[in-house]
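> coords below, sequence missing:
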């Protein structure tokens, strides 16, 4: 990102999935071969800190979806993978993936020996207006089937067994995780499904209509899912709500939510947990008292991570 520029100089920052931060000064000159660049790093992390924070090797890949739409993705392989004769564990980020930046969540998973696949499914930003609008009015539809394509790609290319592929996300990604694990195959007449081995859904909404009525971003819900005030759209929205398909949940799921979340009210997670427990499903729930849409404070963050990793270890033992 260019922060400032004047004349033949520019001050800019550099980030990547395996680079936390760097600030550079670029100097442009015109030579015999055209425009030439002299770039000098001004601010970098200490090597020891960089090594502690970057816990994976990164590869950019392109994954074809069910309709051959190319999906950009990053594969983040742990520098110290799990030593397990059953093979690797892979987790698919549901939303928003594919960003060209360092992500704390991904690197903590890599530090635990887990491979992360971070795809930019349809509806993600950074790939043009048309791609960004591909899930408008189709929340919980083809964007979820994209995740299935990524999971199958991981099986075929990363040597992972089906039961060791998980899905995770927060906010929209929390919804997408619940949706992916309760997905009716007949959605959009695609006859598509995928059985994830486990899932982590954080600060997600399970009932789109209730979310629309309680959130501070109802216009986003109307754009992405439809207008609950229109009867035929309300019926579709209800069908896209994970709370109404808990019977399809076939693998353990972990939910985490802040008790004072103003963006995605905690009632959505509570309702999903109640319905899942009533149906005899495997669900683990952690509610962090006094926290909002993000968990803040070192002790709370550490406790949340301990709960996540304990859940994954229990599922995979």
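Looks like it arrived, so ask away. As the structure is a computational prediction, the values presented were derived from the model and not from experiment. Numbering: from 1, shown residues only.
> so where's the longest strand in the chain?
Longest strand in the chain, counting residues (DSSP state E): strand 19-31.
> Show me what that one is packed up against.
Counting contacts by 3 or more C-beta pairs under 8 Å, 6 or more residues apart in numbering; DSSP states H and E, strand 19-31 packs against strand 9-16, strand 34-44. The way it works is simple: take the backbone N, C-alpha and C, and place the C-beta from them, glycine included.
> now the strands for the stretch 101-250 of the chain?
Along the stretch 101-250 of the chain, counting by DSSP state E, counting those that start in this stretch, strands occupy 115-119, 165-170, 198-202.
> Quick one: the ones you listed as a markdown table, columns for mean neighbour count too.
Output for the strands of the stretch 101-250 of the chain, formatted as a markdown table (neighbours: other C-beta atoms under 10 Å):
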| stretch | mean neighbour count |
| --- | --- |
| strand 115-119 | 26 |
| strand 165-170 | 27 |
| strand 198-202 | 27 |
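> Would you reformat the ones you listed as a markdown table and include distance to residue 246 and mean pLDDT?
Converted to a markdown table, the strands of the stretch 101-250 of the chain look like this (distance: least, C-beta to C-beta, whole Å; pLDDT from 0 to 100):
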| stretch | distance to residue 246 | mean pLDDT |
| --- | --- | --- |
| strand 115-119 | 26 | 98 |
| strand 165-170 | 16 | 98 |
| strand 198-202 | 13 | 99 |
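> looking at those, which is closest to residue 29?
Counting by C-beta to C-beta, residue 29 lies closest to strand 115-119 out of these; the figure is 37.1 Å.
> Distance from the chain centre to the closest one, please.
With C-alpha atoms, centre = their mean, to the nearest Å as the basis, strand 115-119 stands 9 Å off its chain's centre.
> what's the answer for stretch 291-298, then?
With C-alpha atoms, centre = their mean as the basis, the mean position of stretch 291-298 lies at 18 Å from the chain mean.
> and it, which residues are buried?
291, 292, 293, 295 (16 or more other C-beta atoms under 10 Å).
> Stretch 272-280 now?
272, 273, 275, 276.
> out of these, which are inside strands?
Using DSSP E, none of the buried residues of stretch 272-280 sit in strands.
> CSV for those residues, including distance to residue 178?
Shown next, in CSV, are the buried residues of stretch 272-280 (distance: C-beta to C-beta, whole Å):
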residue, distance to residue 178
272, 6
273, 11
275, 11
276, 10
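> Could you break this structure into its assigned domains?
Domain assignment for the chain, taken from automatic domain parsing, gives 2-44, 55-316.
> which residue of this protein sits farthest from its center?
residue 32 (46.2 Å; C-alpha atoms, centre = their mean).
> any idea how far it lies from residue 7?
Residue 32 is 21 Å from residue 7, where distance means C-beta to C-beta, to the nearest Å.
> what's stretch 258-268 in contact with?
171, 174, 203-207, 210-211, 214-217, 243, 257, 287-295 (C-beta atoms under 8 Å, 6 or more residues apart in numbering).
> Buried only: go through those for me.
For the contacts of stretch 258-268, buried by 16+ other C-beta under 10 Å: 171, 174, 203-207, 210-211, 214-215, 243, 257, 288, 291-293, 295.
> Can you flag which of those belong to helices?
Of the buried ones among the contacts of stretch 258-268, the ones assigned to helices by DSSP state H are 174, 210, 211, 214.
> can you give me phi and psi for the closest residue to the last one other than its chain neighbours?
Residue nearest to residue 214 in three dimensions, not counting chain neighbours: residue 265, with 4.7 Å by C-beta to C-beta, 6 or more residues apart in numbering. When quoted as degrees, to the nearest 10, the phi and psi of residue 265 stand at phi -60, psi 140.
> Noted, bye for now.
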